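Asker: After the sequence you'll find the predicted model.
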Amino acid sequence: MKTYSECIRTPSQIQFPELFSFSCSAQQLHELQASVLSYGKLNLHNQKKPRTLWADQLSKLTLPKYYFCHFYVIGLATSVICLIEMLAWTQYNKPLLLISLLQRFDNDVGSRHLSLRQCTVGFTLMTIHLIRRVYESFLVERPSKTATMHFSHYLIGVGFYGAMVLGTWLEGASNFEIWSHQSARYDNESQRDGSFENITMVFSILLFLYATYHQYRCHSILASLRQKSSASTETTAISKNGYSIPKGDWFDILVTPHYFADILIYVSLNILYHFNNYIFLCGLIWTIVNLSITANETKQWYVRHFQNAFPKDRYRIIPGCY
Ligand SMILES: NC(=O)c1ccc[n+]([C@@H]2O[C@H](COP(=O)([O-])OP(=O)(O)OC[C@H]3O[C@@H](n4cnc5c(N)ncnc54)[C@H](OP(=O)(O)O)[C@@H]3O)[C@@H](O)[C@H]2O)c1
């Protein structure tokens, strides 16, 4: 068997196939950006047009952007299903579909590093987040009827929230005694530092509520812009194509404060799990990378769209940093 160092190659040893695939990927990145990545207002005056036939065809697979609400409805439905499954199992010892699948195809390995309290609080916070987003989607936001997103965005969005709900408890599933003959409910049960868990739990709940409040405020500000802009002319520097320059709350320092609040929500959940829940760590990394890219494009869009009227001192997404 080859050792690790034998498997690693120096840059000079990298072969033609690797270079060829790097070069192809770099070329296709522009095409992917032009056809798939932009959504909503970023598609207006999008200067990155697909140059190849495949990218052009791919770019036509779009759906209305207000279908974003489906993500939260499906996420919330997953929460309700999980709750029913857990109640049926813990109260009546009756395994429904999910629990039966886990019993049949999984085991307790890798499901013992989170405590029952972390799982139940995490599940509750994620469900509150989804209830709020469903409420905002239907009763607060004023999405445009013409804005679109790519079909692949839709699939990722639907999968993301379902995965996050399952992620709140799957890595601590042995707490629910799903598998018989399991060795331990929770790996560190005996050595667990209860006071440390209490402190991180209180801190994570407070951070979650703080970020939730600000995200709600920012979404309300965006919705109010649309009410105002529909009353004013569509051609002024303040309102173009139904979009205006947001002001108030964290908008005074950030271009996309609602994205920053989203990141804080996933940070708070990771604090709750002591950064030990791998599904939520992936969720946090995904959210930071995805929303930072979109925030950068959003700032460019505002500057292009509103020129000097847009305050250039606003950070894209992270105060004082980016
Ligand atoms: N966790 C993740 O990976 C992830 C990914 C994406 C989004 N999200 C979250 O989902 C929420 C919505 O995201 P989004 O990308 O849809 O945000 P967005 O593009 O800023 O849109 C939010 C709403 O505000 C409207 N809007 C945006 N800018 C406006 C302006 N200048 N003037 C008037 N109305 C404006 C939009 O209208 P249109 O309908 O015309 O677009 C839409 O209805 C955010 O809080 C975000 O954090 C999370």
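Answerer: Received the coordinates, thanks.

Asker: need the strands for the stretch 201-322 of the chain, in chain order.
Answerer: Ranges of strands in the stretch 201-322 of the chain, per DSSP state E, counting those that start in this stretch, are 239-240, 243-244.

Asker: ditto for the stretch 1-150 of the chain
Answerer: 62-64, 148-150.

Asker: for those strands, which one ends up most surrounded?
Answerer: Comparing the strands of the stretch 1-150 of the chain by mean neighbour count (mean count of other Cβ atoms under 10 Å), strand 148-150 comes out on top with a mean of 21. Any C-beta I mention is one placed from the backbone N, CA and C, and that applies to glycine too.

Asker: so what secondary structure elements neighbour that one?
Answerer: strand 62-64 (3 or more Cβ pairs under 8 Å, 6 or more residues apart in numbering; DSSP states H and E).

Asker: in its sheet, what does the strand it packs on sit against?
Answerer: strand 148-150 (antiparallel) (DSSP bridges).

Asker: For the strand it pairs with, give me every contacting residue.
Answerer: 35-37, 39-40, 43, 58-59, 61-65, 67-68 (Cβ atoms under 8 Å, 6 or more residues apart in numbering).

Asker: What mean pLDDT does it get?
Answerer: Averaged across strand 148-150, the pLDDT comes to 89.

Asker: in the helix or strand following that strand, what counts as buried?
Answerer: Going down the chain from strand 148-150, the next helix or strand is helix 151-167, by DSSP states H and E. Buried residues in helix 151-167, counted by 16 or more other Cβ atoms under 10 Å: 153-154, 157-158, 160-167.

Asker: Worst mean pLDDT among the strands of the stretch 201-322 of the chain?
Answerer: Taking the mean pLDDT of the strands of the stretch 201-322 of the chain, strand 239-240 comes last: a mean of 62.

Asker: could I get the strands of the stretch 1-150 of the chain as CSV with distance to Cys119?
Answerer: Converted to CSV, those look like this (distance: least, Cβ to Cβ, whole Å):
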stretch, distance to Cys119
strand 62-64, 34
strand 148-150, 32
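
Asker: would you list these in CSV and tack on distance to the ligand?
Answerer: Shown next, in CSV, are the strands of the stretch 1-150 of the chain (distance: least, Cβ to the nearest ligand atom, whole Å):
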stretch, distance to the ligand
strand 62-64, 9
strand 148-150, 8
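
Asker: quick one: which of those strands is nearest Phe203?
Answerer: Smallest distance to Phe203 across the strands of the stretch 1-150 of the chain (Cβ to Cβ): 34.8 Å, for strand 148-150.

Asker: residues from the stretch 1-150 of the chain in reach of the ligand?
Answerer: 40-41, 65, 68, 141, 143-144, 147 (Cβ under 6 Å from any ligand atom).

Asker: What about those residues, which are in helices?
Answerer: Phe68 (DSSP state H).

Asker: Pick the one among the residues of the stretch 1-150 of the chain next to the ligand closest to Arg117.
Answerer: Nearest member of these to Arg117, counting by Cβ to Cβ, is Phe68, at 32.0 Å.

Asker: dump the residue contacts of that closest one.
Answerer: 137, 143, 149, 157.

Asker: Now the second one: closest residue in space that isn't a chain neighbour?
Answerer: Spelled out, that is Pro143. Tyr66 (3.9 Å; Cβ to Cβ, 6 or more residues apart in numbering).

Asker: Then the last one?
Answerer: Ranked by Cβ to Cβ, 6+ apart and with sequence neighbours excluded, the top spatial neighbour of Gly157 is Phe71, at 4.1 Å.

Asker: Kindly report the same for the first one.
Answerer: Using Cβ to Cβ, 6+ apart and skipping residues adjacent in sequence, the residue nearest Ser137 is Cys69, 3.7 Å away.
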